[in-house]
Structures are given as C-alpha cells and as structure tokens.
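Enquirer: Let's see this in three dimensions:
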Amino acid sequence: MADFTLHDLEKRLRERAKASADVSYTRKLLDRGVAHCAKKFGEEAIETVLAAIGEDRKRLTAEAADVIYHLLVLLHARGIALAEVEAVLAERSKQSGLQEKASRKRDRKSGLPDLREI
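Expert: The predicted structure follows:
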C-alpha cells in the first residue's frame, strides 16, 4: 500500500491550482468555476456508482480515485479544506449513524431537498 494520504493529494491540488491552465488540469477545472467543478464531481460520482454495480474491482478503485480527486477540487473551488470535512466527520462519529442521520433530518438548514424524499 502506498504511503499517500488525502492530505498529500490536497497539497498537490493546491500546488497545481497555482499553475497555468496550459499545464494543469486542476487549474483548468478551477478556471471554469464552481458549477463546472460540481458537474465534473457529479459525473465522476455516477461513473463510480456504475462501476460499483457492473465493473470489476480495478475499475471501481480507479473511479473512486477520480471521485475523490474531483471532490477535493470542488471543495477547493469553494474554499473548503479537507480538515473542515474531517472535523464534521469527527463530530458525527460521537453518535451512532442512525442518531446522526435523524438529527440531520430535524436540523436541515440548506434548503435543498432531501433526495430520499423525492
């Protein structure tokens, strides 16, 4: 197993974000804006779902890597660090998953629809 972390990827992404779009895919994504980054993340998420259902382990692993990279790009585009997401996960881990999900349903503040209810 490689000695590589999501923090290493985030650091590399920040470095590539400073490069020219001529040489950096990350910079090219960021230059197109948050909506484009979100769309790319969504595309990768769908590809990951499809790989989970109908592809082999190698393909699913590759798609999972793509979705993680694009999530970090999207977070970067919105000025959110991986550490902020980790803090939310740490807070959530203080209770059971069922309790946490129930509390989110009661405290929903985003105004976005709950996709499970559509």
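
Enquirer: so residue 7 touches residue 82, yeah?
Expert: Yes: assessed by CB atoms under 8 Å, residue 7 is found in contact with residue 82 at 6.4 Å. The C-beta positions use only the backbone N, C-alpha and C, and glycine is treated the same way.

Enquirer: who's more crowded, the two?
Expert: A direct count of neighbours by other CB atoms under 10 Å for residue 7 and residue 82 places residue 82 higher, at 18 against 12.

Enquirer: Report pLDDT for that one.
Expert: Here, the pLDDT recorded for residue 82 equals 98.

Enquirer: Same check on the one 3 residues further on?
Expert: Per-residue confidence at residue 85 stands at 97 (pLDDT).

Enquirer: Please apply the same query to residue 71.
Expert: pLDDT, residue 71: 98.

Enquirer: swap in residue 116?
Expert: Value for residue 116, per-residue pLDDT: 58.

Enquirer: give me the low-pLDDT residue ranges for this protein?
Expert: Applying pLDDT under 70 to the chain flags residues 1, 97, 100, 104-118.

Enquirer: now do 80
Expert: The chain contains residues with pLDDT under 80 at 1-2, 96-118.

Enquirer: residue contacts, the residue most central in space within the chain?
Expert: For the chain, the residue nearest the mean C-alpha position is residue 71 (2.4 Å; CA atoms, centre = their mean). When contacts are counted by CB atoms under 8 Å, 6 or more residues apart in numbering, residue 71 is found next to residue 41.

Enquirer: Quick check: which element contains it?
Expert: Using DSSP states H and E, the element containing residue 71 is helix 57-77.
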